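Colleague: Got a predicted structure plus its sequence, pasted below:
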Amino acid sequence: MTTPRQQSPTPERFFNAISAYQLTEAIKSAIELGVFSAISEGNVTSAKIAERCEAADRGVRILCDFLTIHNFLTKQGTSYGLAAESALFLDRHSPAYLGTAIEFLLNSRLRDSYANLTEAVRRGGTALGEGMLEPENPAWVKYAHCMMPVVRRPAEVMADALRKDGEVHKVLDIAASHGLWGIAVAKQNPSAHIYANDWKNVLEIAQENALAMGVGDRYHLIPGSAFDSNFGKGYDLALITNILHGFDAPTCVILMRKIHAALNPGGRAAIAEFVPNPDRVSPPAAAAFSLTALAATPSGDAYTFAELENIAKAGGFARADLSPVELDRNRLVIAYR
């Protein structure tokens, strides 16, 4: 009986990692040129794609071959096609198009954060001052504009899950950004008024979206830092979406105490966050977000459920539950006053 021969280690994974930026730039170029959309329109040869995208045939052929190697395109003979994920998410004609996300995910400030990662590791936090947390940072305006397609479905799923526990009438939306989380709650709770908190330049986009989506008369703005703004009182529900990962645990506790004070007895705080397992290496997308927090914030992190539970309880909440509802890469944690 022979034993399976073990494959010798190769440097391939190292070289793939070091050259991963090539795929980033290839996807960016294909989105900017409209390659995926051109193929969906029936332009399947490099010459036809090049004509549609106003680019050189040679350039398009090499780009499309590279994207085929990485399974974003398919190829039969000289004809290219869209992989399933590309057809759904990268074709501008698709209602699930996510291509606009590159304007935020590849913005210069975030890229600079990663370019200085070695220093961030030495410091234990971003090498760029306040990093992405600078007041009135224009990058968050880009986020609000560009990330709406990413959030639309998770926002509707979360609003539906929260609605099952009872109707709400006054809702505080912390770090509201584009406003979709609060707008989804307003649409599923016809008497609910949303009080959105974020930087003034960002809230302009949230207000535009609220008007466009038919809830503008129930949408109110609280501009400024979540730590400094006066929220008032009497809320049934607070939405805390992707903000806690920007700060260390003691700072998160300060914010949770403030939110706790604004809620009615029996009120809830709905936390949407990247939530890694206790091993902190799974699931991959949630666990890997810790590196973004390291590169881009002075002290942020991706918190496990146990850590979020401790933060909520230290903030005055009676208990916190991890909902079975999944919000794409986020999880929903509900803290009860």
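Modeller: Yep, that arrived.
Colleague: just so I have it, where are all the strands in the stretch 51-200 of the chain?
Modeller: Counting by DSSP state E, counting those that start in this stretch, one finds strands in the stretch 51-200 of the chain at the ranges 73-76, 79-82, 170-174, 193-198.
Colleague: Against D173, how distant is the spatially closest residue to A159 that is not a sequence neighbour?
Modeller: For A159, ignoring the flanking residues on the chain, the nearest one in space by C-beta to C-beta, 6 or more residues apart in numbering is A184 at 3.8 Å. Every residue, glycine included, has its C-beta placed from N, CA and C. Distance, A184 to D173, by C-beta to C-beta, to the nearest Å: 10 Å.
Colleague: Would you reformat the strands of the stretch 51-200 of the chain as a markdown table and include mean pLDDT?
Modeller: As requested, these are arranged in a markdown table below (pLDDT from 0 to 100):
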| stretch | mean pLDDT |
| --- | --- |
| strand 73-76 | 98 |
| strand 79-82 | 98 |
| strand 170-174 | 98 |
| strand 193-198 | 98 |
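Colleague: of all the ones you listed, which lies closest to A47?
Modeller: A47 lies closest to strand 79-82 among these, at 11.2 Å (C-beta to C-beta).
Colleague: list the helices and strands the closest one packs on?
Modeller: Where contact means 3 or more C-beta pairs under 8 Å, 6 or more residues apart in numbering; DSSP states H and E, strand 79-82 is packed against helix 35-40, strand 73-76.
Colleague: re the thing from before, who's more crowded, A184 and D173?
Modeller: D173 (29 against 26; other C-beta atoms under 10 Å).
Colleague: Let me see the ranges of the strands in the stretch 201-337 of the chain.
Modeller: Along the stretch 201-337 of the chain, the segments classed as strands by DSSP E, counting those that start in this stretch run 219-223, 235-241, 263-273, 319-327, 330-336.
Colleague: Out of the ones you listed, the one nearest F305 is which?
Modeller: Each of the strands of the stretch 201-337 of the chain was scored for nearness to F305 using C-beta to C-beta, and the closest is strand 319-327 (4.7 Å).
Colleague: Quick check: can you name the pairing partners of that closest one and their directions?
Modeller: Paired neighbours of strand 319-327 in the sheet (DSSP bridges): strand 330-336 (antiparallel).
Colleague: Okay, buried residues for the strand it pairs with please.
Modeller: Within strand 330-336, the residues scored as buried using 16 or more other C-beta atoms under 10 Å are N330, R331, L332, V333, I334, A335.
Colleague: any idea how far R337 is from L180?
Modeller: Per C-beta to C-beta, L180 is found 25 Å from R337.
Colleague: Of the two, give the one with the bigger neighbour count.
Modeller: Between L180 and R337, counting by other C-beta under 10 Å, L180 is the more crowded of the two (27 against 22).
Colleague: Relative to Q188, how far out is the closest residue to the more buried one other than its chain neighbours?
Modeller: Residue nearest to L180 in three dimensions, not counting chain neighbours: A155, with 4.4 Å by C-beta to C-beta, 6+ apart. With distances defined as C-beta to C-beta, the gap from A155 to Q188 amounts to 10 Å.
Colleague: okay, these two: which has more neighbours?
Modeller: The residue with more neighbours, out of A155 and Q188 and counting by other C-beta under 10 Å, is A155; that gives 24 against 17.
Colleague: could I get the buried residues of strand 330-336 as CSV with pLDDT and distance to Y80?
Modeller: Formatted as CSV, the entries for these read as follows, by pLDDT from 0 to 100; distance: C-beta to C-beta, whole Å:
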residue, pLDDT, distance to Y80
N330, 96, 34
R331, 97, 37
L332, 98, 39
V333, 98, 43
I334, 98, 46
A335, 98, 49
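Colleague: So which of these is the closest to A314?
Modeller: Nearest to A314 among the buried residues of strand 330-336: A335, at 10.9 Å, using C-beta to C-beta.
Colleague: Give the bridge partners for the closest one, please.
Modeller: A269, A320.
Colleague: residues contacting it?
Modeller: Counting by C-beta atoms under 8 Å, 6 or more residues apart in numbering, A335 makes contact with M256, R268, A269, I271, A312, G315, F317, R319, A320.
Colleague: Helices along the stretch 151-300 of the chain, start to end?
Modeller: In the stretch 151-300 of the chain, the segments counted as helices under DSSP state H, counting those that start in this stretch are 180-188, 200-212, 249-262, 284-296.
Colleague: Show me what the first one is packed against.
Modeller: Judged by 3+ C-beta pairs under 8 Å, 6+ apart, helix 180-188 is in contact with helix 148-163, strand 170-174, strand 193-198, helix 200-212, strand 219-223, strand 235-241.
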